[in-house]
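Student: Need coordinates for the following:
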Amino acid sequence: MTKKVDSATKAGNAFGELLSDLLAIALFGALVYYIALPVLGSFIGFHMKMSYYREGCGYSQCVRKGFGYERADAAQKLKESRDRVAASLCPTYHQAGAWGQWVVHRNISWCEAYPQYDVKK
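Tutor: Just a heads-up that it's a prediction; the model follows:
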């Protein structure tokens, strides 16, 4: 036997479903706002603070980079360091084949900028 449902009952059911959906969205938003954002924010803040001290920004000039800091002269120091060690590392890189350059010695791929140490040429 089918029960006749009037339009007021249908409207009430639709309104109840809407309220339950809005409540679920509100609960999810509160979860994100009160739990996820503070945890993520504290992690990012800790990372920035530690990079500030790790890079020595208390006694040298630093610039913001991503979620942290970097010394203002970092590129210059990296270039000086690579210039200093290129003579000993780059011949090994240049002698390696394609597999050796792409996989084994990928962490010294910057040797491409030093063709003077290529012993094959």
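
Student: okay, CA-based contacts and neighbour counts for the rest of this
Tutor: Fine.

Student: shaky segments in this structure?
Tutor: Scanning the chain for pLDDT under 70 picks out the ranges 1-5, 121.

Student: for the chain, what spans make up the helices?
Tutor: For the chain, the helices defined by DSSP state H cover 7-31, 37-54, 74-95, 98-99.

Student: okay, those in a markdown table with distance to G68 next?
Tutor: Converted to a markdown table, the helices of the chain look like this (distance: least, Cα to Cα, whole Å):
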| stretch | distance to G68 |
| --- | --- |
| helix 7-31 | 27 |
| helix 37-54 | 4 |
| helix 74-95 | 14 |
| helix 98-99 | 34 |
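
Student: for the ones you listed, which one sits closest to W110?
Tutor: Smallest distance to W110 across the helices of the chain (Cα to Cα): 8.3 Å, for helix 74-95.

Student: which helices and strands sit right next to the closest one?
Tutor: Contact partners of helix 74-95 among helices and strands, from 3 or more Cα pairs under 8 Å, 6 or more residues apart in numbering; DSSP states H and E: none.

Student: could you dump that helix to CSV, C-alpha only?
Tutor: Written as CSV, here are the backbone C-alpha positions of helix 74-95 (Å, rounded to 0.1, in the frame of the first residue of the first chain):
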residue,chain,number,x,y,z
ALA,A,74,74.8,31.7,-1.7
ALA,A,75,75.1,31.7,-5.5
GLN,A,76,78.6,33.2,-5.3
LYS,A,77,79.7,30.7,-2.6
LEU,A,78,78.3,27.8,-4.7
LYS,A,79,80.2,29.0,-7.8
GLU,A,80,83.4,29.3,-5.8
SER,A,81,83.0,25.9,-4.4
ARG,A,82,82.3,24.3,-7.7
ASP,A,83,85.3,26.1,-9.3
ARG,A,84,87.5,24.7,-6.5
VAL,A,85,86.4,21.1,-6.9
ALA,A,86,85.7,20.9,-10.6
ALA,A,87,89.3,19.8,-11.5
SER,A,88,89.0,16.7,-9.4
LEU,A,89,85.3,15.7,-10.0
CYS,A,90,84.5,16.7,-13.5
PRO,A,91,86.8,14.3,-15.4
THR,A,92,85.0,11.4,-13.8
TYR,A,93,81.6,12.9,-14.9
HIS,A,94,82.8,13.5,-18.4
GLN,A,95,84.3,10.1,-18.8
